[in-house]
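Student: Quick check, what structure comes out for this input:
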Amino acid sequence: MRLTPLLTLSLMAAAPAFAADVSYTIDGENFTGYWAEADNPKGVVLIVHDWDGMTDYERQRADMLAEMGYNAFALDMFGNDTPTETVDHRVAATGALYKDRERMRTLVEAGIEQALERSGTDAMLVTGYCFGGAVALEMARSDMAEKAKGFATFHGGLSTPEGQSWSGDEPPILVMHGGADTSITLQDVATLAGELEQAGNTYTIEIYSKAPHAFTVFGSSRYQERADTESWEAFSNFLNEHLPG
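Tutor: Below you'll find the model as predicted:
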């Protein structure tokens, strides 16, 4: 894998104060998350993974956040027994949760508990990638919203499910989206913006030209260095504003 400037900087930085996989159970099911701890943390960031499950990508992002001074917990939305090797597996895993929003919220709540019991602080911000972005917005619309200082999505799902809506009281939202994303279109972005504006939410939407879906995934054919660097800077600013320490 070719090292990008953002990745090279991460690898050159100091390691997290402590990092390890975390095993936990939900109603008898086994899950594996990842905890990265910072020295003198300014807060904790909850990371929700893409449709391929909790992988080394989320571990790396958690380590990067710990290096920046934030504790980070990458939760597991699928469980140890859910296959994710093929596209069909991933469609099935995410589809099951999109159809069962109550279970989705239960899994998020369990991840929050894991993060907060380790963090030493209840100042939390939530972020998600692709499928994880949709989960982050699901949390924002739920009665768990008040547990977070803000919500950020990287090339995430943006649709509001039937029967849900925005109250306008949700914490600030940051959306980072690729202009060339054909999976989640600019019309989807516009629809969400209209919903948030009408409700009176505080939100920011960043669109990166020529960036496809999954533009932050290191080493993939869709990776776009400029969009990755600029979106990480936007996210860092969002963290500084809402988790100042």
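Student: Okay, strands next: where are they in this protein?
Tutor: Assigned by DSSP state E, the strands in the chain fall at 18-26, 29-37, 44-48, 71-74, 124-129, 151-154, 173-178, 203-208.
Student: Partner strands of the last one and their direction?
Tutor: Taking DSSP bridges as the criterion, strand 203-208 forms sheet pairs with strand 173-178 (parallel).
Student: residues in contact with the strand it pairs with?
Tutor: Applying CB atoms under 8 Å, 6 or more residues apart in numbering, the contact partners of strand 173-178 are 133, 137, 140, 150-156, 158, 184, 186, 189, 192, 196, 201-208, 210-213, 215, 224, 227, 231, 234-235, 238. For every residue, glycine as well, the C-beta is placed using N, CA and C.
Student: just how off-centre is it within its chain?
Tutor: Averaging C-alpha positions (CA atoms, centre = their mean, to the nearest Å) puts strand 173-178 11 Å from its chain's average.
Student: tell me the angle of it relative to strand 124-129?
Tutor: 20 degrees (axes from the mean of the first three to the mean of the last three CA atoms, to 10 degrees).
Student: quick one on the thing from earlier: could you export the strands of the chain to a markdown table, including columns for distance to E113, mean pLDDT and mean neighbour count?
Tutor: Converted to a markdown table, these look like this (distance: least, CB to CB, whole Å; pLDDT from 0 to 100; neighbours: other CB atoms under 10 Å):
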| stretch | distance to E113 | mean pLDDT | mean neighbour count |
| --- | --- | --- | --- |
| strand 18-26 | 9 | 96 | 14 |
| strand 29-37 | 11 | 98 | 20 |
| strand 44-48 | 11 | 98 | 28 |
| strand 71-74 | 10 | 98 | 29 |
| strand 124-129 | 11 | 98 | 26 |
| strand 151-154 | 18 | 98 | 28 |
| strand 173-178 | 23 | 98 | 25 |
| strand 203-208 | 27 | 98 | 17 |
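Student: can you put these in a markdown table and add distance to P244?
Tutor: Shown next, in a markdown table, are the strands of the chain (distance: least, CB to CB, whole Å):
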| stretch | distance to P244 |
| --- | --- |
| strand 18-26 | 23 |
| strand 29-37 | 19 |
| strand 44-48 | 14 |
| strand 71-74 | 15 |
| strand 124-129 | 11 |
| strand 151-154 | 16 |
| strand 173-178 | 16 |
| strand 203-208 | 17 |
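Student: T106: which of these is closest?
Tutor: Minimum separation from T106 across these (CB to CB) falls at strand 18-26, 6.9 Å.
Student: Show me what stretch 21-37 is in contact with.
Tutor: By CB under 8 Å, 6+ apart, the surrounding residues in contact with stretch 21-37 are 16-20, 54, 58-59, 62-63, 65-66, 71-76, 78-81, 106-107, 110-111, 114-115, 118.
Student: are any of those buried, and which?
Tutor: 16, 54, 58-59, 62-63, 65-66, 71-76, 78-79, 107, 110-111, 114-115 (16 or more other CB atoms under 10 Å).
Student: Okay, and which of those residues map to helices?
Tutor: Those of these mapping onto helices are E58, R59, A62, D63, L65, A66, L107, A110, G111, Q114, A115, per DSSP state H.
Student: what about the fifth one, distance to R59?
Tutor: Distance check for L65 against R59: by CB to CB, to the nearest Å, it reads 11 Å.
Student: pLDDT at E170, what is it?
Tutor: In the predicted model, E170 carries a pLDDT score of 98.
Student: Tally up the residues packed near it, please.
Tutor: By the measure other CB atoms under 10 Å, the count of residues near E170 is 23.
Student: show me what contacts the residue lying closest to T202 once chain neighbours are set aside?
Tutor: Nearest in space to T202, with sequence neighbours left out and distances taken as CB to CB, 6 or more residues apart in numbering, is P172 at 4.4 Å. For P172, the contact set (CB under 8 Å, 6+ apart) comprises K149, G150, F151, N201, T202, Y203, T204, F238, H242.
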